[in-house]
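S.K.: Sequence and predicted structure are below.
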Amino acid sequence: MQKVPFGNLGFDVSRFGIGTMRLPTIKHQDGTLSIDQEKAIAMIRRGIDGGVNYVDTAYGYHQGESEVVTGLALQDGYREKTLLTTKLPCWLVKEKADMDKLLDEQLEKLGTPYVDFYLLHSLSLDSYHRMKELDYPEFFERAIKDGRIRHAGFSFHDDKDAFLEIIDDYPWDMAQIQFNYLDDQTQATVDGLLYAGKKGIPVVIMEPLRGGALGFPPEEILEMMQNNHRKYSPAEWAFRYTAHYQQATTILSGVNTMEQLEENLRIFNHITPGNLDKDDLRFIAKVKETYLSRIAIGCTKCNYCMPCPQGVNIPRIFEIYNDSYRFDSPHYLKHQYQFVVRAESEGARCVRCGQCESVCPQQLPIMDTLETIEEMVKQP
Ligand SMILES: NC(=O)c1ccc[n+]([C@@H]2O[C@H](COP(=O)([O-])OP(=O)(O)OC[C@H]3O[C@@H](n4cnc5c(N)ncnc54)[C@H](OP(=O)(O)O)[C@@H]3O)[C@@H](O)[C@H]2O)c1
């Protein structure tokens with residue numbers, strides 16, 4: 001497994017890191033899910049035996065179970081071989097004392113006296129400003145001094161301007177961003193990645209396969225890949241793109257089968273920064289263009305239709321509809337749709353009042369499309 005220096009921190013890190021947000025699960029009779037501990041522990045240990053030395057978890061993953069299982073996996077000598085990251089759930093921090101309480105609880109669950117990296121989890125500019133008001137730097141300094149954490153960082157889900165403001169505002173030891181060939185112009189963007197690199201801040205990448213979607217492309221994209229002279233799997237194309245950037249120090253993927261893990265270990269054994277040539281990059285750009293041209297409804301998110309008197313979040317529902325079509329994933333539509341409706345309230349459903357269609361500049365058939373989506377998500 002290739003290892004590279006982690007910025008200027010004085011140690012090397014494997015280019016592939018294990019994410020523990022998508023561990024294998026078991027479904028119980030009452031419909032609830034819990035982590036399949038035996039499989040998950042075997043996979044995490046196999047990764048470390050295969051040369052991975054970076055493991056990422058967080059308070060909320062698997063409803064709090066991920067930290068416990070990660071801690072168990074790191075017993076029997078594995079903790080000493082691993083750089084361990086967990087994250088402060090900023091949304092649960094109501095007052096400053098909560099930062100200490102949460103960190104102590106996490107160390108207890110992980111069964112370790114310290115973590116190598118502690119990140120402010122999932123920052124947007126708003127949540128960052130709130131954490132700043134609560135004086136997170138003082139908390140970090142104290143937790144580093146008393147030995148509970150070694151290094152401080154943040155994980156990020158907002159836009160480029162927010163990323164640049166946050167990264168310039170504190171002497172971070174690392175940053176974690178979402179980055180893959182579909183998202184290189186969204187979130188922190190490729191510019192943000194390169195900027196962090198210029199500052200010497202190591203960047204850990206999450207969602208290199210867009211949560212798994214890029215590993216299973218729709219037929220037309222699969223055909224493009226099969227016809228390419230390189231015989232890479234869809235996952236390998238995506239990993240190669242991310243790993244092409246030397247600023248992407250470590251690339252996390254949340255594997256959930258041993259076969260995927262073995263494939264990823266194999267891939268990362270031979271990919272290096274700058275691994276793609278001009279033709280490869282042109283090919284990936286074409287794949288990206290094909291993904292982006294797969295549109296189910298031409299909503300431009302202008303928001304003219306909002307607010308809907310029924311509380312339906314029309315642009316967000318159309319965004320999900322487009323994503324599920326793009327990735328050929330009805331499962332994604334069902335999963336995300338319920339989430340949006342629940343967030344707005346269960347009553348947030350179209351009653352065909354027509355207000356939205358009367359103002360939509362694209363003249364989209366909004367009501368019929370919302371009805372189609374409702375029918376699709378109801379299908380077993
Ligand atoms: N800080 C944050 O806000 C945040 C947010 C997201 C993630 N993360 C961290 O970043 C880690 C990585 O993100 P991610 O898990 O979303 O990574 P990802 O690589 O984009 O997605 C992982 C999924 O990709 C699929 N996969 C993995 N290897 C594959 C292969 N060889 N072939 C085909 N499919 C493959 C699996 O999906 P299937 O189950 O569909 O097979 C797996 O669950 C997470 O586990 C978590 O630790 C952090």
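M.R.: Okay, I see it.

S.K.: What lies in contact with stretch 352-361?
M.R.: 300, 302, 304-305, 308-310, 314, 363-367 (Cβ atoms under 8 Å, 6 or more residues apart in numbering). C-betas here are computed from N, CA, C, even on glycine.

S.K.: Provide a list of residues in contact with residue 161.
M.R.: Going by Cβ under 8 Å, 6+ apart, the list of residues near residue 161 reads residue 125.

S.K.: helix/strand/coil for it?
M.R.: The assignment at residue 161 comes out as helix when based on DSSP: H, G, I helix; E, B strand; the rest coil.

S.K.: how far away is it from residue 275?
M.R.: Counting by Cβ to Cβ, to the nearest Å, the gap from residue 161 to residue 275 is 30 Å.

S.K.: Now for the residue of the stretch 251-380 of the chain found nearest the ligand: which residues touch it?
M.R.: Here the residue of the stretch 251-380 of the chain nearest the ligand is residue 254; by Cβ to the nearest ligand atom that distance is 2.5 Å. When the contact criterion is Cβ under 8 Å, 6+ apart, the partners of residue 254 are 18, 19, 20, 21, 22, 23.

S.K.: per-residue confidence at it?
M.R.: Here the pLDDT value assigned to residue 254 is 87.

S.K.: on that earlier part again, among the contacts of residue 254, which lie within strands?
M.R.: In strands, judged by DSSP state E, the following of the contacts of residue 254 are found: 18, 19.

S.K.: Go through the contacts of residue 254 and name the one nearest the ligand.
M.R.: residue 19 (2.1 Å).

S.K.: Now, of the contacts of stretch 352-361, which are buried?
M.R.: Neighbour counting over the contacts of stretch 352-361 (16 or more other Cβ atoms under 10 Å) leaves 305, 308, 310, 314, 364, 366, 367 as the buried ones.

S.K.: how about the residues of the stretch 51-200 of the chain near the ligand?
M.R.: For the stretch 51-200 of the chain, the residues in contact with the ligand under the definition Cβ under 6 Å from any ligand atom are 56, 121, 122, 155, 157, 176.

S.K.: And the strands in the protein?
M.R.: 3-5, 12-14, 16-19, 25-27, 33-35, 54-56, 83-88, 115-123, 149-156, 174-178, 203-206, 248-253.

S.K.: Just put those in JSON lines and tack on mean neighbour count.
M.R.: As requested, the strands of the chain are arranged in JSON lines below (neighbours: other Cβ atoms under 10 Å):
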{"stretch": "strand 3-5", "mean neighbour count": "14"}
{"stretch": "strand 12-14", "mean neighbour count": "20"}
{"stretch": "strand 16-19", "mean neighbour count": "26"}
{"stretch": "strand 25-27", "mean neighbour count": "13"}
{"stretch": "strand 33-35", "mean neighbour count": "16"}
{"stretch": "strand 54-56", "mean neighbour count": "26"}
{"stretch": "strand 83-88", "mean neighbour count": "26"}
{"stretch": "strand 115-123", "mean neighbour count": "24"}
{"stretch": "strand 149-156", "mean neighbour count": "23"}
{"stretch": "strand 174-178", "mean neighbour count": "23"}
{"stretch": "strand 203-206", "mean neighbour count": "24"}
{"stretch": "strand 248-253", "mean neighbour count": "26"}
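
S.K.: Any buried residues in the least confident helix or strand in the chain by mean pLDDT, and which?
M.R.: One helix or strand of the chain scores below all others by mean pLDDT, DSSP states H and E: helix 330-344, with a mean of 86. Of the residues in helix 330-344, those buried under the neighbour-count criterion (16+ other Cβ under 10 Å) are 332, 333, 334, 336, 337, 341, 344.

S.K.: Could you list every helix and strand in contact with that helix?
M.R.: Helices and strands in packing contact with helix 330-344 are listed as helix 314-326, helix 366-378; criterion 3 or more Cβ pairs under 8 Å, 6 or more residues apart in numbering; DSSP states H and E.

S.K.: Which one of those helices lies nearest to residue 283?
M.R.: Taking Cβ to Cβ, helix 314-326 is the member of those nearest to residue 283, at 18.3 Å.

S.K.: which residues are in contact with the closest one?
M.R.: The contact list for helix 314-326, computed with Cβ under 8 Å, 6+ apart, reads 218, 291-292, 294-297, 299, 301, 303, 305-306, 308, 329-333, 336-337, 340, 356, 366, 369-370, 373.

S.K.: Please consider this matter closed, and thank you.
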